[in-house]
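> turn this into a structure:
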Amino acid sequence: MNRQDPAALAALFAEGVGRSPEGIWLAPGRVNVIGEHTDYSDGFVLPMALPQACRVAVARRADAVVRVASRQAGDEWLEFPLNTGPGDVEGWAGYVVGVLWALRSGGHEPTGLDLLLDSDVPLGAGLSSSAAVGCAVALAANDLFGLDLTRLELAAVARLSENEFVGAPTGAMDQAISLLGERDHLLFLDTRDMTYRQVPCALADAGLTLLVIDSRTRHELNDGGGYAGIRRAVEAGAAALGVPVLRDVGTDGLAQRLAGLAPDVAPKVRHVVTENARVLEVVDLLEDGGDPRRIGPVLLAGHASLRDDFGISTPELDTAVEASMAAGAVGARMTGGGFGGSAVALVDTDAVPTVRRAVQTAYAKQGFERPEFLTAVPSAGAHRSDG
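Numbers count the residues shown, from 1 in each chain. Model prediction:
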């Protein structure tokens, strides 16, 4: 099956359901250029939507049943009551059923649905494959049921589904970029008030490529472990500093303020505060029309902070960053929630093959699984894709 062909997905839906879908909706994955683990502190983020996306073929049902299948899960159709609640669905299907639960929790009254998913967003690579699912389903429901929700309201629905139904304590960024992305732009999002603006991203015009390096080490954000523990440390740091969230702490006098914090909390606070400053610096550099290569050192500083202060990098991610820089990358860093997933490298386009080979060689030398690569191209956000 050609995953870029809506007609093929529609035909497979018809085969499994016995009727044609009412439409096919698409929502992209994302890569975050800078601004990691800031969104749940009301901070700043700067992601881009990817060409890789989740597509969902959908048709309404007359009853209160949700039937779902996924090309990535063997095409088996699973069935759930529409009133299914948190904790009642395991695995990937929770990201679908949870959206309908979130809509019902908000006072909307969707009927049952048949849904068939297909995605080419790498799973567990830190590229928000789960948010792509939720946003595609949310947009489809919005259109089919005439809910008239805004893109930001749909992002809140998809986030509520992940947070409360699935149990993944994500911030606001992933769903926002999946629904708000624009071609050739990054999304500068202030997660405090959800205001945003599109930042032109002219990397190709400057002869640059943002290369995504999938380390092939997988992470789960709803494991109840690392991610949730770090988030608790961030919240403890804000409380100790007497502020609601770390967005309210600036870099001036930061070292003195950190000195009074617990040793396991201070580094987490330092990362969040300095990462917010790095986002603002990258936005300024991109918007002033200068050479985008200037953002390279900022990306590298972001990786060092995630590795040393936040402690969420891995040997595979560190190797990807180090090998990329040694091969001539302008800048590089891990991206996503951490504990695995992907790194990004800002590379002169002519040097992409050299950087790829260098990373592959370094991985082989370390005995790591062979990495995979994709090119991050700023792409359009969620939309109907069958016409």
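
> what's in contact with the least confident helix or strand in the chain by mean pLDDT?
Here the helix or strand of the chain ranked lowest by mean pLDDT, DSSP states H and E is helix 226-241, holding a mean of 90. Around helix 226-241, the neighbours that count as contacts under C-beta atoms under 8 Å, 6 or more residues apart in numbering are 37, 40-41, 169, 221, 244-246, 248-249, 257, 260-262, 264-266, 268-269, 272, 310-312, 337-339. C-beta coordinates here come from the backbone N, C-alpha and C atoms, glycine included.

> residue ranges for the helices of the stretch 201-350 of the chain, please.
Counting by DSSP state H, counting those that start in this stretch, the stretch 201-350 of the chain forms helices over residues 226-241, 254-258, 266-287, 296-305, 315-326, given from the N-terminal end onward.

> same question, the stretch 1-150 of the chain
Assigned helices in the stretch 1-150 of the chain, in chain order: 6-17, 94-105, 129-144 (criterion: DSSP H, counting those that start in this stretch).

> would you turn the ones you listed into TSV with mean neighbour count?
TSV is the format used below for these (neighbours: other C-beta atoms under 10 Å):
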stretch	mean neighbour count
helix 6-17	17
helix 94-105	25
helix 129-144	28
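
> can you tell which of the ones you listed is closest to Ala206?
Distances from Ala206 to each of these were compared using C-beta to C-beta; the shortest belongs to helix 129-144, at 28.2 Å.

> what helices or strands is that closest one leaning on?
In terms of contacts (3 or more C-beta pairs under 8 Å, 6 or more residues apart in numbering; DSSP states H and E), helix 129-144 is packed against strand 23-34, strand 44-60, helix 94-105, strand 113-119, helix 151-160, helix 173-180, strand 383-384.

> please identify the deepest-packed of the ones you listed.
Each of the helices and strands packed on helix 129-144 was scored by mean neighbour count; the highest is helix 173-180, a mean of 29, by mean count of other C-beta atoms under 10 Å.

> got the contact list for the helix or strand following it?
Elements were assigned by DSSP states H and E; along the chain past helix 173-180, the next helix or strand is strand 185-190. Contacts of strand 185-190 from elsewhere in the structure, counted by C-beta under 8 Å, 6+ apart, are 33, 39, 44-49, 172-173, 176-177, 180-181, 195-201, 279, 283, 286, 378.

> if we can go back for a sec, now the least confident helix or strand of the chain: how far from the chain's centre is it?
Distance of helix 226-241 from the chain centroid (C-alpha atoms, centre = their mean, to the nearest Å) equals 21 Å.

> how far off helix 266-287 does that helix point, in degrees?
Helix 226-241 and helix 266-287 are oriented at 100 degrees to each other (axes from the mean of the first three to the mean of the last three C-alpha atoms, to 10 degrees).

> quick one: the residue most central in space within the chain from Tyr196, how far?
To find the centre residue of the chain, average its C-alpha atoms and take the closest one (C-alpha atoms, centre = their mean): that gives Ser128, at 3.3 Å. As defined by C-beta to C-beta, to the nearest Å, Ser128 lies at a distance of 17 Å from Tyr196.

> can you check Arg104 too?
Noted for Arg104: a distance of 28 Å to Tyr196, by C-beta to C-beta.

> repeat that for Gly328.
Gly328 is 33 Å from Tyr196, by C-beta to C-beta.

> same check on Ala233?
For Ala233, the distance to Tyr196 under the criterion C-beta to C-beta works out to 28 Å.

> can you check Leu300 too?
Applying C-beta to C-beta, the value for Leu300 to Tyr196 is 26 Å.

> those two: who's more crowded?
Comparing Leu300 with Tyr196 by other C-beta atoms under 10 Å, the one with more neighbours is Leu300, at 19 against 16.

> what about the closest residue to Val377 other than its chain neighbours, distance to Lys365?
Counting by C-beta to C-beta, 6 or more residues apart in numbering, Pro51 is the residue found nearest to Val377 once chain neighbours are left out, at 5.5 Å. With distances defined as C-beta to C-beta, the gap from Pro51 to Lys365 amounts to 31 Å.

> coming back round to it: now the helices and strands packed on helix 129-144 as JSON lines including distance to Ala323 and mean pLDDT?
Below are these laid out as JSON lines (distance: least, C-beta to C-beta, whole Å; pLDDT from 0 to 100):
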{"stretch": "strand 23-34", "distance to Ala323": "19", "mean pLDDT": "97"}
{"stretch": "strand 44-60", "distance to Ala323": "23", "mean pLDDT": "97"}
{"stretch": "helix 94-105", "distance to Ala323": "33", "mean pLDDT": "98"}
{"stretch": "strand 113-119", "distance to Ala323": "28", "mean pLDDT": "97"}
{"stretch": "helix 151-160", "distance to Ala323": "35", "mean pLDDT": "97"}
{"stretch": "helix 173-180", "distance to Ala323": "27", "mean pLDDT": "96"}
{"stretch": "strand 383-384", "distance to Ala323": "37", "mean pLDDT": "98"}
